[in-house]
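> Predicted coordinates and the sequence they were generated for:
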Amino acid sequence: MAFKARNLSVLAYANGFTLWHYTTVDPASDVDTQGYFNAAEEMLRVGDMILANADTDGAGSAGMFVVTSNSGGTVDVADMTRFADADTD
């Protein structure tokens, strides 16, 4: 699929840092591909964090992406750090 700006929301902003939330039907492995967030390059800064709900129409996953670079119109985020991968109870 592709990035959808309407699914990216600001949760908090302070001292030049923004905490975002993004939800998508795309799997996390697609979202962390370089260029996925290019349409938001004017808003995203290196170090911004994106809490995410990915693959919402499938198995679903939740976690955080960190913007690692934003240069020349190309945005890259680190692989998603997943939350709650295991439930041992």
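Received, thanks. Because the structure is predicted, anything quoted here is derived from the model rather than measured. Residues are numbered from 1 along each chain as shown.

> OK, contacts around L44?
For L44, the set of contacting residues under the criterion of CB atoms under 8 Å, 6 or more residues apart in numbering consists of T18, W20, F37, V67, N70, V75. (C-beta placed from N, C-alpha, C; glycine too.)

> could you dump those residues to TSV with secondary structure?
Formatted as TSV, these follow (DSSP: H, G, I helix; E, B strand; the rest coil):
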residue	secondary structure
T18	strand
W20	strand
F37	coil
V67	strand
N70	strand
V75	strand
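
> are any of the residues you listed buried, and which?
T18, W20, F37, V67, N70, V75 (16 or more other CB atoms under 10 Å).

> Columns pLDDT and distance to A84 on top of those, output as TSV?
As requested, the buried ones among the contacts of L44 are arranged in TSV below (pLDDT from 0 to 100; distance: CB to CB, whole Å):
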residue	pLDDT	distance to A84
T18	98	24
W20	98	19
F37	98	24
V67	98	23
N70	98	28
V75	98	26
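
> now, which of these sits nearest D55?
When these are ranked by distance to D55 (CB to CB), F37 comes first, at 16.9 Å.

> so the closest one touches V77, yeah?
Yes: with the criterion set as CB atoms under 8 Å, F37 and V77 qualify as a contacting pair; they are 6.6 Å apart.

> This structure: strands as residue ranges?
8-14, 17-23, 49-54, 61-71, 74-77, 81-82 (DSSP state E).

> In its sheet, which strands sit next to the longest one, and in what direction?
By that I understand strand 61-71. strand 49-54 (antiparallel), strand 74-77 (antiparallel), strand 81-82 (antiparallel) (DSSP bridges).

> quick one: contacts of the first one?
For strand 49-54, the surrounding residues in contact (CB under 8 Å, 6+ apart) are 8, 11, 17-24, 26-28, 31, 60-67, 77, 80.

> for it, the distance to its chain's centre please.
Using CA atoms, centre = their mean, to the nearest Å, the mean C-alpha position of strand 49-54 is found 4 Å from that of the whole chain.
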